[in-house]
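Peer 1: 3D model of this:
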Amino acid sequence: FARKIKLANMGMLKTALAALLSFVFLMAGGNKVTDQIHAPTHAELSAGFKDQFGPMWANIINNDLKVPSDAAVYKMLIDDGSKTYAVMRTIIGFTEIACVVMLWSPLRDLASFVLLGIMIPACYTHHVGNDGKMAVPAVLAALIVLLLLPESKPAAGKKKTK
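Peer 2: Okay, here's the model as predicted:
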C-alpha cells in the first residue's frame, strides 16, 4: 500500500514539474516569437540573438560545421541575410511552444529530449557569452532530466510455494 502511495506521489510530482516547465517554456518560447506577451523581454531576446548568440552560433555553423551562410538550409534555419538571427530565434521559440503541447501527450519523453537539446546549447551560449544567465538553462535542464527519469514500478510479488 505504501508503495502505491509513493508511486502516486511520483506521478503527481511529474505532473507538477510538467506544469512548471510548460509555463516557463510557453513564456520563453512565446517571447522569442512575439512581442505581444512581454515586449521588454522580447526586445532583450531579440538584441541578444542579434548581437551575441546568433553571431556565435553562426560562426560555429559556418566554420566548424562547414555550412556556408549562402546555403538554403542556413537561410531557412539560422539567418535570412538580415544579421538579426530572427529566423533562429523564432524557430527555437516555436519549437519550445510545440514541446509544451507535447509534454501533455504520449510524446512527453520526446518533448523532454528536444527541450534538453535546446537547454544544453543555451547553457553553452550563456557560458561563452559570460552574461551571468547560465544558471537558468542549467536549472531547466536539470528539471527536464528529472522529468525523463522513469517511474519505478512495484516489484512483482513472489509466488508462495507449498
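
Peer 1: May I see the buried residues of the helix or strand containing L13?
Peer 2: Element membership for L13 (DSSP states H and E) is helix 2-33. Taking 16 or more other CB atoms under 10 Å as the neighbour-count basis, helix 2-33 is seen to contain the buried residues 14, 18, 21-22, 24-33. For glycine as for every other residue, the C-beta is placed from the backbone atoms N, C-alpha and C.

Peer 1: next SSE after it?
Peer 2: Per DSSP H and E, the first helix or strand lying C-terminal to helix 2-33 is helix 39-48.

Peer 1: tell me the average confidence for that following helix?
Peer 2: What helix 39-48 shows for mean pLDDT is 95.

Peer 1: Give me the helices and strands touching it, please.
Peer 2: Using 3 or more CB pairs under 8 Å, 6 or more residues apart in numbering; DSSP states H and E as the contact criterion, the neighbours of helix 39-48 among helices and strands are helix 2-33, helix 86-102.

Peer 1: Please name the residues that touch the spatially most central residue of the chain.
Peer 2: For the chain, L115 is the residue whose C-alpha lies nearest the centre (CA atoms, centre = their mean; 2.8 Å). With contact taken as CB atoms under 8 Å, 6 or more residues apart in numbering, L115 is in contact with L21, F25, E96, C99, L140, I144.
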